[in-house]
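> okay, here's the prediction I keep looking at, along with the sequence it came from:
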Amino acid sequence: MLRILSQILRTGVVTEPLPPAEESRITVAGAGLEEEVTRRFKRSVTVRYVDAGSCNACELEASAMNNPVYDCERFGIHLSASPRFADILLVSGPVARNMEVALKRTYAAMPEPKLVVAVGDCGYNGGIFGCSYASLGSVGNVIPVDVYVHGCPPRPSDIINGILKAVRRDL
């Protein structure tokens, strides 16, 4: 354990900074989001993430929202493991038939107001998976969606902008 800690101290921070254009996008979106969340919720906003059957590309980008580079928590976005504490449901992927009941139960367990953000092209129209024997297609086919975030996969800054649109839309 001491060897690992000494290596960390020797190495230091090795995270590359964001390109200036992306940094400005995330800062502008985050500032607007922080203002809207404070006005609407009087506190931070809690997000429950559900992968409804995606290829995991959107899941990686949604996870990147919370890494030290994008750091969505600085804008008041917190991820929750329980839908009972969530203000926003973030869903990626086309809804697999196996996930239909789980997604509906997660949505039903959320307190009012229920905001839903569908992430990626698959969340919008089924993407490359479409509707088939195994897929119901769009998230909107199963639960009501407030905002769609397009892209395959969308950037973390786009996901944060989608959360901002959902919060603004609910006012």
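Structure's in. What do you need?
> residue 150 and residue 123 touch, don't they?
No - using C-beta atoms under 8 Å, residue 150 makes no contact with residue 123, being 9.1 Å away. C-beta: built from backbone N, CA, C; applies to glycine.
> those two: who's more crowded?
residue 123 (29 against 14; other C-beta atoms under 10 Å).
> chain neighbours aside, what residue packs nearest to the more buried one?
The spatially closest residue to residue 123, leaving aside those adjacent along the chain, is residue 139, at 4.8 Å (C-beta to C-beta, 6 or more residues apart in numbering).
> ok, which stretches of the protein are helices?
2-11, 20-41, 57-64, 100-109, 120-125, 156-169 (DSSP state H).
> just the mean pLDDT for the strand of greatest length in the chain, thanks.
Using DSSP state E to define each element, the chain has its longest strand at strand 45-51. Per-residue pLDDT over strand 45-51 has a mean of 92.
> same question for stretch 115-127.
Mean predicted confidence for stretch 115-127 is 91.
> residue numbering should commence at 360 henceforth.
Noted, 360 is the first residue going forward, which turns the last one into stretch 474-486.
> buried residues, that stretch. List them.
474-486 (16 or more other C-beta atoms under 10 Å).
> now the terminal residues of that stretch, how far apart.
22 Å (C-alpha to C-alpha, to the nearest Å).
> same check, this time on stretch 415-430
End residues of stretch 415-430 are separated by 20 Å (C-alpha to C-alpha).
> quick one: residue 514 from residue 403, how far?
22 Å (C-beta to C-beta, to the nearest Å).
> repeat for residue 388
From residue 388 to residue 403 the distance is 16 Å (C-beta to C-beta).
> the more surrounded of those two?
residue 388 (22 against 15).
> residues touching the more buried one, list them.
516, 519, 520, 523 (C-beta atoms under 8 Å, 6 or more residues apart in numbering).
> and which of the residues you listed is nearest to residue 467?
residue 523 (25.3 Å; C-beta to C-beta).
> wait, that closest one sits on residue 391?
Yes - between residue 523 and residue 391 there is a contact at 5.6 Å, judged by C-beta under 8 Å.
> looking at these two, which is more packed in?
For the pair residue 523 and residue 391, the greater number of neighbours falls to residue 523 (25 against 17), based on other C-beta under 10 Å.
> so who does that one touch?
388, 391, 392, 395.
> about what we covered before: can you list the strands that the longest strand of the chain pairs with?
Taking DSSP bridges as the criterion, strand 404-410 forms sheet pairs with strand 436-439 (parallel), strand 447-451 (parallel).
> just want the angle from the last one to helix 416-423.
Okay, so that is strand 447-451. Orientation check (axes from the mean of the first three to the mean of the last three C-alpha atoms, to 10 degrees): strand 447-451 against helix 416-423 gives 140 degrees.
> alright, calling it a day.
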